[in-house]
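> below is the sequence, then the predicted model.
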Amino acid sequence: MAMQSLVCVLLGEWLKWIELGEMRCSVTRIRRIDPADTDAFIRVLDAAPFTRSSEEDAIVIASLRENFCRGCQSLESFESGEALYLPFSEVLSFHAVSHRGLTLLRSEAEGASCALEAPLNEPAWAQWHRRIEERLANQSGEIFVRCLGLLEALDLNNFNDSTEDLFDRSALSSEQRRKHQDRCSLGWAEAFSLARQLLAHNYEAVFKEGPIRELVESRMDHWDLGSEQFWNSKTVAAVNLVENLFVEEGEVAPPLVAIAIFHHYEHLLRGGKPLGERAIQLLAHAMAGVRLRYGAALAAELAYRIGRRLQTFQVARLQYAVNPAGFPAVWTESDSFSLSDLQSLPDDLDVSMPVRPTHVEISKPDDHALAGHSGDLANSIIHTADQLTENVEQSASEVSSTSDHLALPSVQTSLKDLGSEWSERKIEVEETVASAEDVSNAGMGHDGASKVRKVKGARKIKGDSAVVGDLGLASENTASTQTGSLFPEAGVQSPASSHEKLCESGPADPGVPSLLHPTSDEST
Amino acid sequence: MSWMKPFSRLSEKQQHVLSDINRNIKDTHWIQGYAGTGKTLLLVHAIEKLVDSSATPTICFITFTHSLKDLVASGLSARVSTRVSVMTHKLFISEKKRFDFVFLDEVQDISVEDLKKIKALAGTVQVAGDPEQSLYKEGARELDITGLLTPKKHGLFEIFRLSKLIREVAVAILPKSRLVEGQPKASDADVSIKLLKFNDEKTEAAWVFEEARFDAKGDFKASAILFSTHDAIMKFSALVAKHLQLPAPPKWESVHPAKRRDSKVSGKDYTEFNEFWKRHGIPLMYFGNGNGSLDDSKFKPMVYLMTYHSSKGLDFKSVYLPAANEDLYLFPEATDPDAERRLLFVAVTRSRQDLYISYTSKRPRDLLQGLPTGVVVEASPRIRVNENSEELF
């Protein structure tokens, strides 16, 4: 194709050019190229003022007469940046950048009595468009990570391939996914479904009933962006339960909460749903939990993946709000997005990862675990007991059916009994806590440990699904105190390292019946 | 309101059109485009700007249907809403009150006579609508509108919410359409369009209702089941009641022509009908002709029953078109060969994401027999039972 002088103009510029008969334009925007040369054509597009890249109806390409610069020998004879007044008579033709753009701009062209012709190099437009979209996405990801204070932990060159696979795949069939679409259950359904696929054994009963079913079901009927979705005692209990299954199999557990958060927000943003101030705050809360549980590196990676999907205008507003001093020209409506707000989590929630199989914890409470930490443990137990007492009646029906599925003779307690007995258990827990605090004050002793064991044992006798989760929580508290250095508050500790330690701790005690072992016909 | 967008988030083209309108607000402009292209959005933006820039103009926004009236009112900011009257064209004409500016949506559905009356009561008229979507034989033709108002035309053809597959379905129904779908989105992968064959109407009604109810429980809290006639709505409702083991719902009542002016509803009164479902705790509601309210779906799941006509201008995540049988009544008496296609076109393009067309006859209506390959064809799908007893994932 012959060389042409091309300039890319915005919709408004184009129509004004027609209307006024000339256009002022920097000479740097004009390129003399072979339109078939994709790289050169991309430079024509690059020279246009910034606009939303995706809008084919926002730009057109003007092809100019060969001697448009009159008197001048070439474009190079102009000084860089010199303004050029281009009369309309110098335009040979206007071209849309794509056939879709040609359709969309037809009415403008007709309205201006101007011929608009087919694109000169549509593949170049497509390539440029993809590149700009990618750049915008990466920029959004990075800004969002920065807003969360995780930039130092972000290592784009070291994204884990396996993590990539965990985040980017959907473990649900299209029919299953439709069932959870636009519901708060989607993220959890994806996470648990993925876990079920990755586990070597078949734990149908665990996944079909109990705290996991309760968690997913409780989020099926709504899409509430205004309330905490990911970090509370019930979610932690359910996640502990599943992540412990991996521990039992000697495998590294996938970061289930991170996966659930990713799918939740990915679906939300993919559907073009707006993320208001409250939703951003909740996302930040969720991310804070991820950092505490899985480490800053994974939190940064997750934030980057979600941030890439945020719309440019959203991250732009967010960065102004988070760092108003950095953008003196912008007036922000509120200062509610301070960094500390973004990083806060409920004080009374322990989100640290369990590091030992739950059943080991039940049968072998580690006396040393209580030393120096029983106060925290006590508070956590009281909190958990309070919450479970409140919720026990609602979950009783699921509890009952779960007990059947788990095939535990000890879980046949009737629904009514369960509710009333829980109140007693709460008192028992509180008594134990008091003892534990005594132990803490007076130094470690067998008495305190056995009382904790007694509480745990009592719960095991209850044997319901919520209890399984509760045990997970209780043991998790114990475990976290054992390994407090594993995930220092802002540490960059990978989950894998904790699992290495887990594996070192040896297999589960074979003599102890586990709530988490597969049922008889499910070994594979 | 979620359908409203700030100026900065309008497309370049929308911004350009809006700037042109506001710069020359004393001239008449005609924004042409399908529902979903943003024409109503631009009219509302133009009003907001007008209120900012003018002293105290009197402004009226006229809609063709009651359904759209609520939608428009919800899009106006609190600052502006007290300054703008929103009403149907029938009420506007009957009130005979003069306004400095009149913004008229769905202009192609207004008769020439009514258009003249509106013009006589308005200082300046700004209009939106598209001749390709005309549903009423008495509606003004493009030439009539152009001759009467001499507007400057602006064309918006990109339906931002429309997925590629829905566009293909719509174009298969109305090949003349100049429809352009929005930019391909990742969410297009979630789109589900099905053509479903049922053996009997009872099963069809049960399936459609249960699916629509399930869909309504999600994010948007509303699904729509659309019918070509009011009789079809009653037939479907009776089958749903039977499925739910309820007595038959009461039929709508005709509003006496003499009382129509004082009545909130026009034509058919579904008050008793809607009360029936509410009383039984079933989230089903007829919406249209001044009956029902979209507000009900803001806080709880709701399934709306509507006619194709009433649904115009609205959109829902999941749309169901049951009883699309060979004998589906559309516009048998219309002289315009495209009239039936346009009506069906309007119905299918109400969907933002999922569309389920079903029938019980041997074949679906002829206009639905050439749908694109992306449409899943299925026979006798299973009726959704208590979801708690199902596998969750």
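Yes, it's here. Only a predicted model underlies this, so the values are computations on that prediction, with no experimental measurement involved.

> show me where the stretch 1-150 of chain B has its strands.
B:29-33, B:59-63, B:84-88, B:99-104, B:122-128 (DSSP state E, counting those that start in this stretch).

> B:Lys317 touches B:Gln353, doesn't it?
Yes - the pair B:Lys317 and B:Gln353 passes the contact test of CB atoms under 8 Å, sitting 4.9 Å apart. For glycine as for every other residue, the C-beta is placed from the backbone atoms N, C-alpha and C.

> with neighbour numbers in mind, choose between those two.
Set B:Lys317 next to B:Gln353 and count neighbours by other CB atoms under 10 Å in any protein chain shown: B:Gln353 wins out with 24 against 21.

> what helices or strands is the host helix or strand of that one leaning on?
Per DSSP states H and E: B:Gln353 is located in strand B:351-359. Judged by 3 or more CB pairs under 8 Å, 6 or more residues apart in numbering or on different chains; DSSP states H and E, the packing partners of strand B:351-359 are helix B:164-173, strand B:193-197, helix B:201-216, strand B:316-321.

> switch the cut-off to 6 Å
Packing partners of strand B:351-359 (3 or more CB pairs under 6 Å, 6 or more residues apart in numbering or on different chains; DSSP states H and E): strand B:193-197, strand B:316-321.

> any chance of the strands of the stretch 1-150 of chain B in a markdown table, with distance to A:His267, mean neighbour count and mean pLDDT too?
Shown next, in a markdown table, are the strands of the stretch 1-150 of chain B (distance: least, CB to CB, whole Å; neighbours: other CB atoms under 10 Å in any protein chain shown; pLDDT from 0 to 100):
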| stretch | distance to A:His267 | mean neighbour count | mean pLDDT |
| --- | --- | --- | --- |
| strand B:29-33 | 29 | 26 | 91 |
| strand B:59-63 | 33 | 25 | 95 |
| strand B:84-88 | 35 | 20 | 93 |
| strand B:99-104 | 36 | 23 | 96 |
| strand B:122-128 | 33 | 22 | 95 |
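
> of all those, which lies closest to chain A?
For chain A, the closest of the strands of the stretch 1-150 of chain B is strand B:29-33, at 7.2 Å, according to CB to the nearest CB.

> parallel or antiparallel, which strands does that closest one pair with?
Strand B:29-33 sits in its sheet next to strand B:122-128 (parallel), strand B:152-156 (parallel), going by DSSP bridges.

> and these as JSON lines, adding distance to A:Asn67?
Compiled in JSON lines, the strands paired with strand B:29-33 are given as follows (distance: least, CB to CB, whole Å):
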{"stretch": "strand B:122-128", "distance to A:Asn67": "45"}
{"stretch": "strand B:152-156", "distance to A:Asn67": "35"}
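
> state the distance from A:Ser227 to A:Leu269.
18 Å (CB to CB, to the nearest Å).

> actually, B:Phe103.
33 Å.

> same question, B:Lys176
Distance of B:Lys176 to A:Leu269, computed by CB to CB: 36 Å.

> those two: which is more packed in?
A:Leu269 (20 against 11).

> ok, the more buried one - contacts?
By CB atoms under 6 Å, 6 or more residues apart in numbering or on different chains, A:Leu269 lies in contact with A:Arg309.
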